[in-house]
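> Would you be able to build a 3D model of this:
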Amino acid sequence: MQNFIVNNPTRLVFGKNVCEQIPEHLKDFGSRVLMVYGKGSIKNNGIYSEVKKQLVKSGKTIFEFEGIKPNPIVDDVEKAISYGIKNNVEFVVAVGGGSVIDSSKIISLSTPENLNPWDVMKYKVKPTKALPLITVLTLAATGTEMNQFAVLQNTTTNEKTGFGSPLIYPKVSFCDPSFTVSVNKDYTGYGIADIIAHSLEAYFGGCDSTLSDRFVVSIIRELAQVGPELLNNLSDYTLRAKAMWASTCALNGLTFYGRNSGDWGVHDIGHVISLLYDTPHGASLSIAYPAWLKHNSTNLQKEILWLGKEVFNVETVDKTINEFEKLFSKLNCPIKLSHIDITNKKEISDLLIKNKASGMVVKLNNDDLVKIVDLM
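A predicted model of the protein is given here:
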């Protein structure tokens, strides 16, 4: 087991109607707030009105930036930074899922020193401060509400990459499972696939950390039960709450303690699929993970066998991988490129090679990447 430090400074406020507590948690963050959200769905489901009401009740001056896209792009982040600087905002409130929150993390980090956000993402500059970030979660998927990571893509350079810094832990995250009830069946399933992928990335992160392994197993088993039930009853608050809490726990550090790192090779592959075809992130992972497991079935035989026994009570590598494919299918997710009408595998492998996609623990060379894509 590796040495580790536990320090997660995010205050998580979880449960029904927790946004009513926003005023009491915003007393120390200034008066001028940049409210960041997506393309308007929160205006249709009432979340926008509720959050804005609480910000008004807090006595804040509100500046709004609307239009963050799924698979968020750095161009929108640049615009939001300029808008925030122009209006002297003092903190950021992100209302949305992973795309909005990840974008807001880089907005909060780049605004104080007017940094180029892509230089930040590429570690070309080192920020020294960030605006306080508050999040209101509307999708159980990425776990970004309680961690220090963000992902953005650049359509000019044809890259999608991740960034991490302790400066971008949210100060407070409000997680009301009822805010996810309006998420449709497809995106609910994609979100759960993303949570499972985060758990697997942790599990394959190396080192003997058996308690962290058991956290991973517990999260996947929870989702294997809750996920299909939720897709058949999208309005069930209890099921929404279980999925949301699993999402947070999969990427708030709990599953990573004692490891070298997460592996992230499958996320690298999924990012390229999303970049090329605007595929929902979770759907790209449900395609990539079975192929990655098949390709690594020999060198990770021991790890896959243990996982299969603990999660699905099966005894072979092939059965374990098959069970993951069945689970993704039950979640209404694609498991082959053909399921989303993609036939140009060479285009994917070429961009993977160009962008030097690889894992942190299970290293992938060019030949590996071509073979994995061929299995998708």
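> Where do the helices of the stretch 201-350 of the chain begin and end?
Remark: helices assigned in the stretch 201-350 of the chain by DSSP state H, counting those that start in this stretch are 210-231, 237-250, 265-277, 281-295, 301-312, 317-330, 345-354.
> which one of those is the most hemmed in?
Using mean count of other Cβ atoms under 10 Å, the stretch among the helices of the stretch 201-350 of the chain with the largest mean neighbour count is helix 281-295, at a mean of 26. C-beta here means a position set from N, CA and C on the backbone, and glycine is covered the same way.
> could the helices of the stretch 201-350 of the chain be laid out in a markdown table, adding mean pLDDT?
Compiled in a markdown table, the helices of the stretch 201-350 of the chain are given as follows (pLDDT from 0 to 100):
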| stretch | mean pLDDT |
| --- | --- |
| helix 210-231 | 97 |
| helix 237-250 | 98 |
| helix 265-277 | 95 |
| helix 281-295 | 97 |
| helix 301-312 | 97 |
| helix 317-330 | 98 |
| helix 345-354 | 96 |
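> Same list, those, but as CSV with distance to V125 please.
Below are the helices of the stretch 201-350 of the chain laid out as CSV (distance: least, Cβ to Cβ, whole Å):
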stretch, distance to V125
helix 210-231, 33
helix 237-250, 30
helix 265-277, 22
helix 281-295, 26
helix 301-312, 38
helix 317-330, 39
helix 345-354, 24
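> Now do the same for G206: its pLDDT.
Note on G206: pLDDT of 87.
> need the contact list for it.
In this structure, G206 makes contact with R259, N260, S261, D263, V361, judged by Cβ atoms under 8 Å, 6 or more residues apart in numbering.
> about what we covered before: so for E78, which of the helices of the stretch 201-350 of the chain sits nearest?
Among the helices of the stretch 201-350 of the chain, the nearest to E78 by Cβ to Cβ is helix 265-277 (18.0 Å).
> Check which helices and strands the closest one is in contact with.
In terms of contacts (3 or more Cβ pairs under 8 Å, 6 or more residues apart in numbering; DSSP states H and E), helix 265-277 is packed against strand 149-154, strand 159-164, helix 185-203, helix 281-295, helix 345-354, helix 366-375.
> Which among the ones you listed is found nearest to T320?
With Cβ to Cβ as the measure, helix 281-295 is the member of the helices and strands packed on helix 265-277 nearest T320 (7.7 Å).
> what angle do the closest one and strand 159-164 make?
Taking axes from the mean of the first three to the mean of the last three Cα atoms, to 10 degrees, one finds helix 281-295 and strand 159-164 inclined to each other by 90 degrees.
> Now go through the contacts of G206 and say which are in strands.
The strands, defined by DSSP state E, take in nothing from those.
> For those, which single residue is the most surrounded?
With neighbours set by other Cβ atoms under 10 Å, the maximum within those is found at D263, which has 25 neighbours.
> That one and M360 touch, don't they?
Yes: contact criterion Cβ atoms under 8 Å: D263 and M360 qualify, at 5.4 Å.
> so who does I353 touch?
Counting by Cβ under 8 Å, 6+ apart, I353 makes contact with N366, L369, V370.
> Quick check: closest non-adjacent residue to the second one.
This points to L369. L352 (4.5 Å; Cβ to Cβ, 6 or more residues apart in numbering).
> ok, the closest residue in space to F4 that isn't next to it in sequence - contacts?
Nearest residue to F4, sequence neighbours excluded (Cβ to Cβ, 6+ apart): Y257, at 4.9 Å. Shown in contact with Y257 (Cβ under 8 Å, 6+ apart): F4, V6, S209, S212.
> what's the answer for A291, then?
I372, V373, L375, M376.
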